[in-house]
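# Provide a 3D model corresponding to the input given below.
(2 chains)
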There are 2 protein chains.
Amino acid sequence: MIASIRPAPNPAAVPEPDIALAEKLFAELRERTGTAAGITRASYGLGEQIAHDMVRREANRLGMTCETDAGCNLYATLRTGPDGAERRPAIFVGSHLDSVPLGGNFDGAAGVLAGLAVAAGYRRAGILPPQDLTVAAIRAEESTWFGASYIGSRAALGRLEGSELDGVLRAGDLIRLGAAIDAAGGDTAALRRREAFLDQRRVGVFIEPHIEQGPALVDEARPVGIVTGIRGSFRHRQARCLGVYAHSGATPRRSRRDAALAVARLMVALDDSWFRLAEAGHDLVVTFGQLATDAAEAAFSKIAGRVDFSLDVRSQSTETLTLMRAELARAVASIEREQGVRFELGEETSSQPALMDPEIIEAFAALAERDDVPTLVMPCGAGHDAAVFAQAGIPTGMLFIRNRNGSHNPREAMEMADFAAACRILAAFCLRELRPAP
Amino acid sequence: MIASIRPAPNPAAVPEPDIALAEKLFAELRERTGTAAGITRASYGLGEQIAHDMVRREANRLGMTCETDAGCNLYATLRTGPDGAERRPAIFVGSHLDSVPLGGNFDGAAGVLAGLAVAAGYRRAGILPPQDLTVAAIRAEESTWFGASYIGSRAALGRLEGSELDGVLRAGDLIRLGAAIDAAGGDTAALRRREAFLDQRRVGVFIEPHIEQGPALVDEARPVGIVTGIRGSFRHRQARCLGVYAHSGATPRRSRRDAALAVARLMVALDDSWFRLAEAGHDLVVTFGQLATDAAEAAFSKIAGRVDFSLDVRSQSTETLTLMRAELARAVASIEREQGVRFELGEETSSQPALMDPEIIEAFAALAERDDVPTLVMPCGAGHDAAVFAQAGIPTGMLFIRNRNGSHNPREAMEMADFAAACRILAAFCLRELRPAP
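Presented below is the predicted three-dimensional model:
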């Protein structure tokens, strides 16, 4: 925890971020890494490299100091003193530059360009923040490419497993993660030694601006969201329910072992649990996203003997996730007993919730209010690099920018006015002086 | 309605059916129309023709008179008087000889061979029943081949549509129904004129013995079932629910339009309706046999925007089917309103329930009791030729024979002792004299 964030000496003197620069860079990104079908910036691949090269070019132009780490993350720093001097912890602003295949232009990139816009605004106004401002362009956040999340931020914090470097292949070209990192100019030997390029002495706070991937800001008509925490999860990606196939017309109610009805009852039971816990104030989402009887064996005139399904439960609270695990176990046992079926939930994968720093949340709220920017204080349901920084003990915050049509698709629609509102909050925030914890 | 069925004059003199003959014919059928993978007797195809030729051969050997109609159904009659004489309505015993692809040996064939076993028993004992006994070998009952049900029995009763002869193709070889009937020696010109080879003057009663396709007789440890009625149905084979795809973690409860949860709620609502109606004495089965999110679009971390499903509702009572249609409409409307989704139920196909003749049910029950054969009086959930005869106003009955592992698969398992118990009831029944309605 940082002990406190001092208000900037002169609130009226916050320089306007360079939104025109960001707009130009969004357009260049779209042109150079996209087609009519969508944006593709593969992790450690061509599109991501183009984006990193662009950020480096602009940072150099702004007189920022560029460094890369063993995982090929790029850090562009607006320095408050000469390069050799001992440095205080910096404010990091950033996000990732990769995208899903045929995704949108804003998921990830908006966070990096927000940092550049703020730094360019300071440059234009000829002022320096009280401590270094580092724009971080993180690698390989999207799990779609290597089937592993937060590769870049984990590499930066010395938290990447050696087994991932050797064992994880990129979708499509099947290149190993380690080989892809080395090809991009990284240093897998250093990653294997778990060397952390970033730590709490270097990163005073980490701020990730990101488009919202859900509809809350659109629904509530607020341009900016202030994230309270990143939801953790538990998931059963390949669960199934096994019943007994039987004639739909000839099998009486008491003889049925209907896998489809059993899964339906499980879905309704967990939805009811969700409703009850939400009413009691718990943060929670529960999703059965995939669901299928066997294409070869099922028929309209047969009771289903098997249903495959997926379950995704997320909450900001570890305690709530534990409660929902118990609700799941209870529902499964009772439905198995009542319906004569068997559930095989398969492997559980999970992630820990990560809370955002309360002082940062408070500072964002105060700055937004001063700027008359309506905000929503809200949980973040998707995973982000910010979670890795928070779990490493670094005070972390996230700003959401209103966005239509969700993310991971070419219809992402962030308006520049909303982006500018978030950048103005950031520009004010980065003028505050971090006071180290005593 | 027949006015009544007189008891046979001397119950003790009921001749034992020729079970050995039936057993030999089952073995021959299995050998000539099956492989290790299952039995295949295609409608108007090779396997079905082999079975018809076998029945004709045995009927000739037993001195029965063989006729075929324009739909190639075979009628083998044990005559009570000379061929030219005016005939009273006969007792018809039979079923179909086709099977599904890679099906079992007993579905259909058991009913025809039961009739032959009874006739052979009479022959062996040297007695004749009070009226003609006709063993009916019906064509093309399984809808799997031509996508239409009860082709043979509808042809016999003048109820086949001309459009079906031209428009319906056989799965696999895509031969048109009319062409297949003509190739088998039928007369599609007569079928187009809707000439009925069978009617109430000719058929006094129609009895269809058939293996049970559900588990009720096995569960209740009864060798024989007495069918009260054949369930009618309404079906939505290609229904769907449309919601909105969205991020599972980032979309709050109130913004969700979750097609998967909506379908689950519909399934549970109709299952609850079923339970309530069953408690109130309604005959009913409700099955959602197929269920799938879109393979390309759905993901474990996405709320489902679309679920395809099938619904099959069956009852012996038209009134109950009407009640369930209303329950479905109510549930759909309320779930659409609450979950923000849209259901497209698609085309409804339906069939009418067919009640079995109460006097026949009563006669079967009395004869079974006299033989100490435990029976279950029960509905029939699957469709059968018997339904077509009942709907044509012919007094109709069905006897179920206990069978393990359902039907339409090579694991059908009827025991000959159970078959014999049903044949003995039949042998006694066919000695009763039908009295025409006044």
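# Tell me, domain by domain, which residues of chain A belong where.
A:2-231+A:353-436, A:232-351 (automatic domain parsing).
# Looking at those domains, spot the one closest to B:Phe364.
Among the domains of chain A, domain A:232-351 comes nearest to B:Phe364, with 18.8 Å by Cβ to Cβ. (Each C-beta comes from the backbone N, C-alpha and C, glycine too.)
# got the end-to-end distance for the closest one?
5 Å (Cα to Cα, to the nearest Å).
# re the thing from before, got a markdown table for the domains of chain A, with distance to B:Glu58, mean neighbour count and mean pLDDT too?
Below are those laid out as a markdown table (distance: least, Cβ to Cβ, whole Å; neighbours: other Cβ atoms under 10 Å in any protein chain shown; pLDDT from 0 to 100):
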| stretch | distance to B:Glu58 | mean neighbour count | mean pLDDT |
| --- | --- | --- | --- |
| domain A:2-231+A:353-436 | 64 | 21 | 94 |
| domain A:232-351 | 30 | 20 | 95 |
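# for chain A, what spans make up the helices?
A:19-33, A:46-61, A:109-125, A:143-146, A:151-156, A:162-167, A:177-183, A:188-192, A:216-220, A:259-279, A:318-339, A:358-370, A:385-391, A:416-429 (DSSP state H).
# JSON lines please, covering those and showing distance to B:Phe275.
As requested, the helices of chain A are arranged in JSON lines below (distance: least, Cβ to Cβ, whole Å):
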{"stretch": "helix A:19-33", "distance to B:Phe275": "56"}
{"stretch": "helix A:46-61", "distance to B:Phe275": "56"}
{"stretch": "helix A:109-125", "distance to B:Phe275": "52"}
{"stretch": "helix A:143-146", "distance to B:Phe275": "43"}
{"stretch": "helix A:151-156", "distance to B:Phe275": "51"}
{"stretch": "helix A:162-167", "distance to B:Phe275": "50"}
{"stretch": "helix A:177-183", "distance to B:Phe275": "53"}
{"stretch": "helix A:188-192", "distance to B:Phe275": "59"}
{"stretch": "helix A:216-220", "distance to B:Phe275": "38"}
{"stretch": "helix A:259-279", "distance to B:Phe275": "11"}
{"stretch": "helix A:318-339", "distance to B:Phe275": "12"}
{"stretch": "helix A:358-370", "distance to B:Phe275": "49"}
{"stretch": "helix A:385-391", "distance to B:Phe275": "45"}
{"stretch": "helix A:416-429", "distance to B:Phe275": "51"}
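# so what's the most centrally placed residue in chain A up against?
Central residue of chain A (Cα atoms, centre = their mean): A:His384, 2.1 Å from the mean position. Counting by Cβ atoms under 8 Å, 6 or more residues apart in numbering or on different chains, A:His384 touches A:Ser95, A:Glu141, A:Glu208, A:His210, A:Ile230, A:Met398.
# what residue of chain A is the furthest out?
What lies farthest from the middle of chain A is A:Ala250; by Cα atoms, centre = their mean that is 50.7 Å.
# closest one to B:Ser351 among the domains of chain A?
Comparing those by Cβ to Cβ, domain A:232-351 comes nearest, at 10.3 Å.
# roughly how far is that closest one from the heart of the chain?
27 Å (Cα atoms, centre = their mean, to the nearest Å).
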